[in-house]
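Q: fold the following, please.
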Amino acid sequence: RVHAIGQHLNQSAREAIAENLTVQPIMGAMLNIMDERHRARVIEFCTGARLIVLDTLSRIHSLDENSNGDMARLVATLEHVAASTGASVLYLHHVSKGSAREGQTDQQQAARGASALIDNARWCGFVAKMTEQEAERLSDRGFDRSPIGNERRGLFVRFGVSKQNYDATPLDRWYQRHTGGVLLPVELQEIKRESGNKGGKGYDSAAY
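A: Alright, predicted model coming up:
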């Protein structure tokens, strides 16, 4: 995936990534951030970094995901890692099956498990699949504004912010999946449905 992303970047950006990005596999490593020895190794390894991405949260602890007390301790521990290394810590987490089924993955409460995982964090972003309704009212074709449709909606996801403790305006943005799983920004246009007015169909020009 990193190499696929690199195909869309210029040479200086690729060189910067090669110099600064470190990917550390944790499959089979049994990492437990709540263990003092494991945590010390993470802090030593990440000191001086600007950003630490943990993918996924469920792989780095053995606590009860549904316990607010346990998850509050987990988030506090990650705050300690951030303070000790000087880096921001971003953890990836799944949404609940109910939220996914109801198409509510863009809601703050959609995260799986205890609410402390989001309540105690400073920022929460989401990636939501395009729904059938969105696929019928949005178009990526500027020349005829035909709807994306159910067959192609799997190529599009929406990124947005569901919790924001910083002084910034959260704006949703659509992305389209390309070769290698790379998500690239795409502007989608709202289709204005046929109305009773004379002149037949018209279209909005609002873009996401």
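
Q: and Ala114, what is it in contact with?
A: By C-beta atoms under 8 Å, 6 or more residues apart in numbering, the contact set of Ala114 is 65-68, 70-72. (C-beta placed from N, C-alpha, C; glycine too.)

Q: identify each buried residue in stretch 26-40, please.
A: Buried residues in stretch 26-40, counted by 16 or more other C-beta atoms under 10 Å: 31, 33, 38-39.

Q: quick one: distance of that stretch to the chain centre.
A: 24 Å (C-alpha atoms, centre = their mean, to the nearest Å).

Q: what is the least confident helix or strand in this structure?
A: Lowest on mean pLDDT, DSSP states H and E among the helices and strands of the chain sits helix 97-101, with a mean of 86.

Q: the lengthiest helix in the chain: how far from the chain's middle?
A: In terms of residue count, the longest helix belonging to the chain (DSSP state H) is helix 68-85. Taking C-alpha atoms, centre = their mean, the mean C-alpha location of helix 68-85 is offset from the chain mean by 20 Å.

Q: who are the packing partners of it?
A: helix 36-46, strand 51-54, strand 88-91, helix 116-119 (3 or more C-beta pairs under 8 Å, 6 or more residues apart in numbering; DSSP states H and E).

Q: Leu155 touches Trp174, doesn't it?
A: No: counting by C-beta atoms under 8 Å, Leu155 stays clear of Trp174, with 10.5 Å between them.

Q: show me which of the two is the more surrounded one.
A: Trp174 (20 against 16; other C-beta atoms under 10 Å).

Q: related to what we said a few turns ago, can I get the contacts of Ala114 in JSON lines with neighbour count?
A: Listed next are those as JSON lines, based on neighbours: other C-beta atoms under 10 Å:
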{"residue": "Glu65", "neighbour count": "17"}
{"residue": "Asn66", "neighbour count": "10"}
{"residue": "Ser67", "neighbour count": "14"}
{"residue": "Asn68", "neighbour count": "15"}
{"residue": "Asp70", "neighbour count": "18"}
{"residue": "Met71", "neighbour count": "24"}
{"residue": "Ala72", "neighbour count": "16"}
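
Q: where does the prediction get shaky in this protein?
A: 193-208 (pLDDT under 70).

Q: now the strands for it?
A: For the chain, the strands defined by DSSP state E occupy 51-54, 88-91, 123-129, 138-139, 156-164, 173-177, 183-185, 189-190.

Q: highest mean neighbour count out of those?
A: Across the strands of the chain, the average number of neighbours (mean count of other C-beta atoms under 10 Å) peaks for strand 138-139, which reaches a mean of 20.

Q: which neighbouring elements make contact with that strand?
A: strand 189-190.

Q: helices and strands around the strand it packs on, which ones?
A: Going by 3+ C-beta pairs under 8 Å, 6+ apart, strand 189-190 lies up against strand 138-139.
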